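# structure of the sequence below:
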Amino acid sequence: MPHTVPPEPIDLRELRLDTARALVEQAGKPLDARSPQAYLQDLIDGLCELSLRDPLTGLANRRHFYSVLEREIDRVTRSGEAALLLMLDIDNFKRVNDTYGHLAGDTVLQSVAQTLSSCVRPMDTLARYGGEEFAVVLPACQGSFGRVIAERIRRAVADTSVRINAHTELQVTVSVGGAFALQWIRSTTTLWTDRADLQLYKAKSQGRNRVCLEDPPDSTVSAEEKSLLFGPLYTPSGWGDLPPLTSTDSAY
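Predicted structure coming up:
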């Protein structure tokens, strides 16, 4: 066995950490100064968390959103539980920027983000998807509740005034599109977001400040069907494991 040389200790004073420390401390993350190792670990953890957050709204960013979406697709494929993806877009946002300036636009984005945060559960993931568009991943969301939740979000934004200066308040609205995950079927993040985006486009084209959702998929699978799909395979020699899928097989 080759001899392993232990790494030499690192002197933190030789590392250029000032910018990293300033970013983490600005975000309100305390750094553990009890030991160099604890300090460096807190610094790394803080930078990792910042890399997954939108700096303006504090919501999850697109990178984090896609990683959550991948995990949710995997969960739905394996468990068959329902899940809903909502895409939201602030209506006529360009008009806000053109009329009141980009600082006012930033205030509107922050206000909408705060309102949306108050409407979702801790288990949900709310992200700023880009520009004036937001996304919400809602695990364990049955079809009968999807429209109720989406309408509640839409009304909450419409009912919240946004003060952009001492003399001006704005009323903004959002259009909402949504698509349910395909249960028992492995989809992709691109297909799922495209389906939700199509519903968002319908909501915008039908007059804005409204909700358009796909009908929940009818993906009910009986216990017998699940046994055939995921159980052992009966052969003349008895019950055995399923053979590996090939490129011509349909994967679930």
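# for A33, which non-adjacent residue is closest in space?
Y39 (5.6 Å; CB to CB, 6 or more residues apart in numbering). Any C-beta I mention is one placed from the backbone N, CA and C, and that applies to glycine too.
# which element follows the host helix or strand of that neighbour toward the C-terminus?
Taking DSSP states H and E as the definition, Y39 sits inside helix 36-51. Going down the chain from helix 36-51, the next helix or strand is helix 62-79, by DSSP H and E.
# how near is the residue nearest the centre of the chain to D18?
Central residue of the chain (CA atoms, centre = their mean): F65, 3.3 Å from the mean position. Distance, F65 to D18, using CB to CB, to the nearest Å: 31 Å.
# could you give the mean pLDDT of stretch 90-109?
Stretch 90-109 shows a mean pLDDT of 97.
# the host helix or strand of C212 packs against which elements?
Following DSSP H and E, one finds C212 within strand 211-213. Contact here means 3 or more CB pairs under 8 Å, 6 or more residues apart in numbering; DSSP states H and E; on that basis strand 211-213 packs against helix 143-158, strand 174-180, helix 189-205.
# hmm, back to that, list the contacts of the residue nearest to the centre of the chain.
T125, A127, Y129, A135, V137 (CB atoms under 8 Å, 6 or more residues apart in numbering).
# tell me the bridge partners for the first one.
Beta-bridge partners recorded for T125 (DSSP bridges): V137.
# do I have it right that it meets R62?
No - contact between T125 and R62 fails when scored by CB atoms under 8 Å: they sit 11.7 Å apart.
# of those two, who's got more company?
Neighbours per residue (other CB atoms under 10 Å) separate T125 from R62, with T125 holding more: 21 against 15.
# that older thread, tally up the residues packed near the residue nearest to A33, please.
Based on other CB under 10 Å, the number of other residues close to Y39 is 16.
# so which of the helices and strands packed on strand 211-213 is the most packed in?
Ranked by mean neighbour count, these are led by strand 174-180 with a mean of 26 (mean count of other CB atoms under 10 Å).
# can you pull the contacts of L103?
Per CB under 8 Å, 6+ apart, neighbours of L103: none.
# and it, helix, strand or coil?
Under DSSP: H, G, I helix; E, B strand; the rest coil, L103 falls in the helix class.
# now the one 5 residues further on
Look at V108: counting by three-state DSSP, its state is helix.
# I figured it was touching R163, is that so?
No - contact status for V108 versus R163: not in contact, 10.2 Å apart, counting by CB under 8 Å.
# follow-up on the earlier one: nearest to R34, out of the helices and strands packed on strand 211-213?
helix 189-205 (40.8 Å; CB to CB).
# if you count contacts, what does that closest one end up packed against?
Using 3+ CB pairs under 8 Å, 6+ apart: helix 189-205 touches helix 62-79, strand 83-90, strand 174-180, strand 211-213.
# and K202, which of those is closest to it?
Here strand 211-213 is closest among the helices and strands packed on helix 189-205 (CB to CB), at 4.3 Å.
# doesn't V112 make contact with V174?
Yes - V174 lies in contact with V112 (CB under 8 Å); the separation is 7.0 Å.
# where do the contact lists of these two overlap?
I90, F134, V157.
# just give the nearest non-adjacent residue to the second one, would you?
It stands for F134. L88 (4.5 Å).
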